[in-house]
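A.B. asks: Generate a structure from the sequence data that follows.
(one chain, ligands or ions: 2)
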Amino acid sequence: MNKCEGCGAILQSTNPIKEGYIKEFVKNQYLCERCFRIQHYNEYKRVTKENSEFFQNLEQIKQTKALTILVVDLFHMNQNIQEIVKHCSKNLILVFTKRDLLPLSVSDEKLKSYSSVLGISAKETVLISAVKNKGLDELYQLIQTHKTSEHVYVIGYTNAGKSTLINHMIQHYSDFKRTITTSMLSSTTLGMIEIPLSSDFTLVDTPGILEEGNICEFVTLADLKRILPKKEIKPITYQVKQKQSIVIDHLARIDSENNNLTLYFSNQLKIEHFFRKKETNLKPYLIHVKENEDIVILGLGFIQVSKEETLTIYTLPNVSVYTRKRLI
Ligand SMILES: Nc1nc2c(ncn2[C@@H]2O[C@H](COP(=O)(O)OP(=O)(O)O)[C@@H](O)[C@H]2O)c(=O)[nH]1
Ligand SMILES: [Mg+2]
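C.D. replies: Ligands and ions are numbered 1, 2, ... in the order given. As a prediction, the model looks like this:
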């Protein structure tokens, strides 16, 4: 049974709408049609997968007691991660990735210390930017130190940046000419993909868990492109007074009565400060936030406040909106 090198799905030539489809089997060609199109034409196709299968995967990995690398997107850090940690082996390295997206002025130590807020007791915590090659050497060394068997598993939410990280490891530490498919859509990796990185260990890429309530699942591709930040986020502070709102494109609105709000959102989104309008099609969420907390609109971004207040956040239905301890 051959697997697609890009997404790990089992290759088949019988059903074009099922995963792993390939027109015909050609010797030494192991890329399904979907991966070929994503890799060569930047074409995207949404795939929806059930989480139950992925949680079973995690349990199997846990039982092997192998070293596990949990990849967490710094831009989307929150307590939900416990649902994954529950299924993790104790031999865990925590990777906070996409460091390049958060302001450089924030200290690395501060970001790393957030692992205790999330309640994750990992052997090590590493800050990574795959695209800037930051932290790769440190991670490589830590894998060598902590691995207990040949296989080292890379797990996390979908879109956290697992496959991108592995691709950069391949480029740096092996002679392999291979690229795992990555994309801004969820569920790009569909099966386990083994990458023998050196003679001593094999990295295993895994399909990510879908995080419930993430706005990325509910928007068009055009919106998704603007929601996902591509470079360092420049936070902007607004002094919001009575009957005023901050409007984030057509995706969210924040009604506050008197506060300084610092917004961490993709610079490609249009943010405006208005006198409040009555009508909006978005769904209201009443949020009580303390001075030492952020408000998170899952998948979209987060907001710091200067004082305690009950605000109304409007966004799309089914998107999670909640508070967490301040990240920055
Ligand atoms: N800015 C930035 N983007 C990243 C980084 N790593 C991954 N990404 C982006 O995050 C998205 C998801 O990446 P992917 O590797 O497919 O995630 P996976 O589902 O965890 O395998 C892609 O659009 C990547 O380009 C990083 O270090 N910095
Ligand atoms: Mg992937």
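A.B. asks: Just give the nearest non-adjacent residue to I246, would you?
C.D. replies: The spatial neighbour of I246 that comes closest, neighbours along the chain excluded (C-beta to C-beta, 6 or more residues apart in numbering), is I254 at 4.5 Å. C-beta coordinates here come from the backbone N, C-alpha and C atoms, glycine included.
A.B. asks: Now P229: phi and psi?
C.D. replies: With angles defined as degrees, to the nearest 10, P229 sits at phi -70, psi 150.
A.B. asks: Tell me which residues touch the residue lying closest to it once chain neighbours are set aside, please.
C.D. replies: Nearest-residue entry for P229: S266, 4.0 Å, with adjacent residues in sequence omitted and distances by C-beta to C-beta, 6+ apart. Contact partners of S266, counting by C-beta atoms under 8 Å, 6 or more residues apart in numbering, are R226, I227, L228, P229, K230, I233, G301.
A.B. asks: Make TSV from those and add secondary structure, neighbour count and pLDDT to it.
C.D. replies: Output for these, formatted as TSV (DSSP: H, G, I helix; E, B strand; the rest coil; neighbours: other C-beta atoms under 10 Å; pLDDT from 0 to 100):
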residue	secondary structure	neighbour count	pLDDT
R226	helix	17	95
I227	helix	21	96
L228	coil	17	94
P229	coil	20	94
K230	coil	14	92
I233	coil	19	95
G301	strand	25	97
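A.B. asks: Which one of the residues you listed is nearest to ligand 2?
C.D. replies: Nearest to ligand 2 among those, counting by C-beta to the ion, is L228 at 14.6 Å.
A.B. asks: Which residue, neighbours along the chain excluded, lies closest to that closest one?
C.D. replies: M184 (5.4 Å).
A.B. asks: ok, the one you found - how many residues close by?
C.D. replies: Around M184 there are 14 other residues, counting by other C-beta atoms under 10 Å.
A.B. asks: Give me the pLDDT for it.
C.D. replies: Looking at M184, its pLDDT is 85.
A.B. asks: Tell me the secondary structure of C35, please.
C.D. replies: Per DSSP: H, G, I helix; E, B strand; the rest coil, the secondary structure class of C35 is helix.
A.B. asks: pLDDT below threshold where in this structure?
C.D. replies: In the predicted model, the chain carries no residue with pLDDT under 70.
A.B. asks: so where do the helices sit in it?
C.D. replies: Taking DSSP state H, the helices of the chain run over residues 33-41, 51-64, 82-85, 108-112, 114-117, 136-146, 162-173, 221-227.
A.B. asks: anything in the third one near ligand 1?
C.D. replies: No: counting by C-beta under 6 Å from any ligand atom, ligand 1 is not contacted by helix 82-85; separation bottoms out at 12.1 Å.
A.B. asks: From the chain's centroid, how far away is that helix?
C.D. replies: Here helix 82-85 is found 14 Å from its chain centre; the criterion is C-alpha atoms, centre = their mean, to the nearest Å.
A.B. asks: Kindly report the same for the first one.
C.D. replies: When distances are taken as C-alpha atoms, centre = their mean, helix 33-41 is centred 21 Å away from the chain's centroid.
A.B. asks: Output that helix as CSV, nothing but the C-alphas.
C.D. replies: Extracted in CSV, the C-alpha atoms of helix 33-41 (Å, rounded to 0.1, in the frame of the first residue of the first chain):
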residue,chain,number,x,y,z
GLU,A,33,-3.9,14.8,-7.2
ARG,A,34,-5.0,17.2,-4.4
CYS,A,35,-1.4,17.6,-3.2
PHE,A,36,-0.1,18.1,-6.7
ARG,A,37,-2.6,20.9,-7.2
ILE,A,38,-1.9,22.6,-3.9
GLN,A,39,1.9,22.3,-4.4
HIS,A,40,2.0,23.4,-8.0
TYR,A,41,-1.0,25.6,-8.6
